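S.K.: sharing a model prediction with you, sequence too.
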Amino acid sequence: ATEPHPVAYEIQSGDTLSEIFEDHGISANTLHKLLEADAEFLSLETIQPGTTLTFTFDEKNQLQKLDLQLDVARTASYSRTEDGGFEHEEITKPLHWESNRVSGDIHGSFYASGLKAGLDKAQVGKVTQLLKSKLNFRRDLRAGDTFSVIVGHVHTDSQATGNTRIEAIELHRGSKIYYAFLYSDGNYYDETGDSVTPAFLRWPTKRHYRVTSPFNPKRLHPITDRRAPHNGVDLGAPSGTPVMSTGDGIVSRIGNHPYAGKYVEIEHSGTYKTRYLHLSKILVRRGEA
């Protein structure tokens, strides 16, 4: 018998999962089992050109394992289980943060000034979001006002991952100084210790509906008796019920998954994201605040 053998494939522009699997002789049924295992995580929804899929086949040429390179630090791994399904695991290399200061003067809009200083669009948006309860960025800022932002960059032992975070903000408006500092709990606070991160709503709907399946990271599958985490809360709301974000943020992903249904992901200030699945209609666009 031959040993299990891995086959690596670098994703090209225009590729689809179904085409990649067909080209590698993998059945549509196997793809659907992988998507079922991925419904809690949606990692396979974000295949990007340049990243790598690694298929591991057994001696009968049946897929036993799939590894998806999410970025230089993270890999999503799907391993076949005894019942023929797949189990998801995320593998992360050791990481460390390195910080640098980005400073600039206000000339025109804060958006343009932030980009000129070296912030990217997402970072400018996050600074605006964090301080918008303190000042109106369009009305209150004047030419000559200044800002400094500490940006953290996450690295593996050998390279940058491309992921960043805002660690501190100092904005001078005339004689007034506004601050925001990232704390270890993932929230931002000003110099007096008051939160500048808006509180999250408990529910994404105006009415409270019955919880049909609670959050349970240790949930056991009722048939296979193996761990099958439920990383969300299911609500028994009628189809068409308006769903609201539980906090301010920017729409980072939208999609339509065969098991998770139509979904929206929102990135909030700090280290949090929320995701809304099984929607009947999507009324927002990616990048919308």
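M.R.: Right, received. Where do you want to start? As the structure is a prediction and not an experimental result, all values here were calculated from the model.
S.K.: and the longest strand for this structure?
M.R.: strand 160-173 (DSSP state E).
S.K.: okay, now the sheet partners of that strand, with direction.
M.R.: strand 146-155 (antiparallel), strand 176-182 (antiparallel) (DSSP bridges).
S.K.: turn these into CSV, columns for mean pLDDT.
M.R.: Below are those laid out as CSV (pLDDT from 0 to 100):
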stretch, mean pLDDT
strand 146-155, 95
strand 176-182, 96
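S.K.: what would the ones you listed look like in CSV with distance to residue 89?
M.R.: C-beta: built from backbone N, CA, C; applies to glycine. Below are these laid out as CSV (distance: least, Cβ to Cβ, whole Å):
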stretch, distance to residue 89
strand 146-155, 20
strand 176-182, 28
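S.K.: turn those into CSV, including distance to residue 252 and mean neighbour count.
M.R.: Putting those into CSV (distance: least, Cβ to Cβ, whole Å; neighbours: other Cβ atoms under 10 Å) gives the following:
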stretch, distance to residue 252, mean neighbour count
strand 146-155, 17, 18
strand 176-182, 19, 17
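S.K.: before we move on, the earlier item: quick one: average confidence on the longest strand of the chain?
M.R.: For strand 160-173, the mean per-residue pLDDT is 92.
S.K.: what comes into contact with it?
M.R.: Here strand 160-173 makes contact (Cβ atoms under 8 Å, 6 or more residues apart in numbering) with 71-73, 95, 97, 99, 120, 123, 126-127, 130-131, 135, 140-142, 145-155, 177-182, 271.
S.K.: what distance separates it from the centre of its chain?
M.R.: From the chain centre to the centre of strand 160-173 is a distance of 18 Å (Cα atoms, centre = their mean, to the nearest Å).
S.K.: ok, back up a step: minimum distance to residue 203: which of the strands paired with strand 160-173 has it?
M.R.: Closest approach to residue 203 among these (Cβ to Cβ): strand 176-182, 26.8 Å.
S.K.: which outside residues touch the helix or strand just after the closest one?
M.R.: Proceeding N to C from strand 176-182, the next assigned helix or strand is strand 188-189, under DSSP states H and E. Around strand 188-189, the neighbours that count as contacts under Cβ under 8 Å, 6+ apart are 130, 180, 181, 182, 183, 195, 196, 197, 269, 270.
S.K.: returning to that earlier point: wait, which of the strands paired with strand 160-173 is closest to residue 23?
M.R.: Residue 23 sits nearest to strand 146-155 of all these, at 33.7 Å, using Cβ to Cβ.
S.K.: dump that closest one to PDB, keeping only the CA atoms.
M.R.: The C-alpha coordinates for strand 146-155 follow below in PDB (Å, rounded to 0.1, in the frame of the first residue of the first chain):
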ATOM      1  CA  THR A 146      -2.100  66.900  14.500                       C
ATOM      2  CA  PHE A 147      -2.400  63.200  15.200                       C
ATOM      3  CA  SER A 148      -0.300  60.200  16.100                       C
ATOM      4  CA  VAL A 149      -1.300  56.600  15.900                       C
ATOM      5  CA  ILE A 150       0.600  53.600  17.200                       C
ATOM      6  CA  VAL A 151       0.000  50.700  14.800                       C
ATOM      7  CA  GLY A 152       0.900  47.200  15.800                       C
ATOM      8  CA  HIS A 153       2.000  44.700  13.100                       C
ATOM      9  CA  VAL A 154       1.800  41.000  13.800                       C
ATOM     10  CA  HIS A 155       4.800  38.800  12.700                       C
END
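S.K.: which residues sit against that strand?
M.R.: 73, 95-106, 110, 113-114, 117, 119, 123, 127, 160-161, 163-172.
S.K.: now do the helices in the stretch 1-150 of the chain.
M.R.: In the stretch 1-150 of the chain, the segments counted as helices under DSSP state H, counting those that start in this stretch are 17-23, 28-37, 110-117, 121-131.
S.K.: so how many other residues sit close to residue 75?
M.R.: 19 (other Cβ atoms under 10 Å).
S.K.: need the contact list for the residue lying closest to residue 278 once chain neighbours are set aside.
M.R.: In space, and not counting its chain neighbours, residue 278 is closest to residue 261: 4.2 Å by Cβ to Cβ, 6 or more residues apart in numbering. By Cβ under 8 Å, 6+ apart, the contact set of residue 261 is 277, 278, 279.
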